[in-house]
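Peer 1: coordinates only, no sequence provided:
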């Protein structure tokens, strides 16, 4: 570190100031790090023009990259997986369409076109595309307030298609502009609470079908739903209640079996379709329709009719449709990307988040023009696809083909399907989304995350879906702002028998250095936290002086600021350092800087702060700074014995 020789302290290492870069070069570097952290264009370097064209097509249409290597063995696996998820997609599609207050046939349409688009553009091998319960609920809740889905069905359906179109545009824009980090504002805690709350609300909404009620509240909060249920006790249909409870028990039992033994996954996958078939047979032969058991009714045959002319760009409710599209688009992205990444981890491959956003966006834009509503990658369907042994996105093509056959030939078979069975399917799926174990895990690890999670849940259940989502996101942003505005500072001490300096809170055996206060700032220094840091450093100085006086140690002489964790600094931060230096000078103390980062030292040099502080007071490590301070403290004592010393003797 340093050594005593002719009363000079030799500073071993000089703190380098990086050479200046042209503004445009710096700007381009910043933009690249912000929007292209994965460097997607590296594969194009050094390639001829024709090869670049091929690589570009493969980048934006991934099926062109993996299709030439596709094998018959993979197809056999994908065929089984595709048929399996199709058996889940048909009843789920009809159920979730009802949840979104849409005609049941639109749910089937939504399992035909979007999976085909995703198979061409998506980068996940396991994601199974389809409608999702939470987005369906959001659409019904937010659009249903503006236009009644029962009284103005055509206008409502047009607004749903329009919202789906804007959701797709928003999703694709995030992908093309490399703005995927927007989705990251939905933290894990927010999603756990929101999904749990939405699942609870969806289950409550299914009480209408389970009890055979004709009239029901349009509100989604717990109080309104329970009031609607209790005040209509005289209209409950015991036939629906018994049938619903039996099928719900059957669905939950099959899920239990599949969890106990992974080989039984197909039992759980086939359970919804089995329920639909059994329910339809029971209703047909028992004529339960005459006893108050409501059925789906007529479903028209045929493939998706075009709906591009149905997009209501001139509607007075256009802004509501745009808002619904953006909100549901973000939720669908967060769920789809998270699910895709989770299953990609199991098979040890990587999916590109921005490609996924483009794929989701394009499939929803295409879907809005072909009578589909919002689709994503639901966890339940993807888990079935994964367990069924899928090898690629071809399983989505197989599923879409099966749905196409259903639309062309099999829709009349669903005429007698009881709505109570659809309610049971939805409730069984939603109960799996209430992840209380994740909430307990959050409580054990991070209490603030737990508060965010519970706030989101309570907001959805007792308020509305929008209130719960806004509450959770707001709390998450408050946490970010607090961490930025109130960064942590640590007093550091010396680990015995070493030249290592660490936080005294973390290492109680770390020893204070007499006469030297060592502080580490654990955040970039911005306008938002500069004033706080100035006041906090002043308080550290007061506390250290009081501690030194109480323990009888040498009085405080030096303040060492460890800036190793300060990645950047703005003009307010530089002003804070200047004021801290002036405050130290007034108190007869000397400010010392240790390990400033590249961006920081560059700005300190340009602002003349280094000139004001003195280049000899900036060190590469805390150890070197403390060594210099100890040497100078010793020299100060020697000065009283007639030895002279100048700080300029320390040539940094």
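Peer 2: Perfect, I can see it now. What you see is a predicted model; the values in this text were computed from it and never measured.

Peer 1: quick one: the strands in this structure, in order.
Peer 2: With DSSP state E as the criterion, the chain has strands at 489-494, 501-503, 516-521, 558-562, 590-594, 618-619.

Peer 1: packing partners of the fifth one?
Peer 2: Just to be clear, that refers to strand 590-594. strand 558-562, helix 571-586, strand 618-619, helix 622-639 (3 or more Cβ pairs under 8 Å, 6 or more residues apart in numbering; DSSP states H and E). To be clear about C-beta, it is placed using only N, CA and C from the backbone, and glycine gets the same treatment.

Peer 1: now do that strand, average pLDDT.
Peer 2: Mean pLDDT, taken over the full extent of strand 590-594, equals 93.

Peer 1: for that strand, which strands pair with it and how are they oriented?
Peer 2: strand 558-562 (parallel), strand 618-619 (parallel) (DSSP bridges).

Peer 1: residue contacts, the residue lying closest to residue 589 once chain neighbours are set aside?
Peer 2: Nearest non-adjacent residue to residue 589, counting by Cβ to Cβ, 6 or more residues apart in numbering: residue 559, 5.7 Å away. Residue 559 sits next to 516, 517, 519, 537, 541, 580, 584, 589, 590, 591, 592 when contact means Cβ atoms under 8 Å, 6 or more residues apart in numbering.

Peer 1: if we go to 10 Å?
Peer 2: With contacts defined as Cβ atoms under 10 Å, 6 or more residues apart in numbering, the neighbours of residue 559 are 516-519, 537, 540-541, 544, 580-581, 583-584, 587, 589-593, 629.

Peer 1: equivalent analysis for residue 221, please.
Peer 2: Per Cβ under 10 Å, 6+ apart, neighbours of residue 221: 201, 204, 227, 459, 460, 461, 462, 463, 464, 465, 467.

Peer 1: rebuild those as JSON lines, extending it with pLDDT.
Peer 2: JSON lines is the format used below for these (pLDDT from 0 to 100):
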{"residue": "201", "pLDDT": "82"}
{"residue": "204", "pLDDT": "84"}
{"residue": "227", "pLDDT": "84"}
{"residue": "459", "pLDDT": "89"}
{"residue": "460", "pLDDT": "84"}
{"residue": "461", "pLDDT": "88"}
{"residue": "462", "pLDDT": "89"}
{"residue": "463", "pLDDT": "83"}
{"residue": "464", "pLDDT": "77"}
{"residue": "465", "pLDDT": "72"}
{"residue": "467", "pLDDT": "81"}
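
Peer 1: filter those down to the buried ones, ChimeraX style.
Peer 2: In ChimeraX, a selection of the buried entries from the contacts of residue 221 looks like this (16 or more other Cβ atoms under 10 Å):
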select :201,204,459,460,461,463,464,465,467
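
Peer 1: quick one: the helices in the stretch 201-350 of the chain?
Peer 2: Under the criterion DSSP state H, counting those that start in this stretch, helices of the stretch 201-350 of the chain are mapped to 207-210, 222-230, 238-260, 265-286, 318-346.

Peer 1: roughly how far is the last one from the heart of the chain?
Peer 2: Yep, that's helix 318-346 we're talking about. 9 Å (Cα atoms, centre = their mean, to the nearest Å).

Peer 1: what about residue 349, neighbour count?
Peer 2: 12 (other Cβ atoms under 10 Å).
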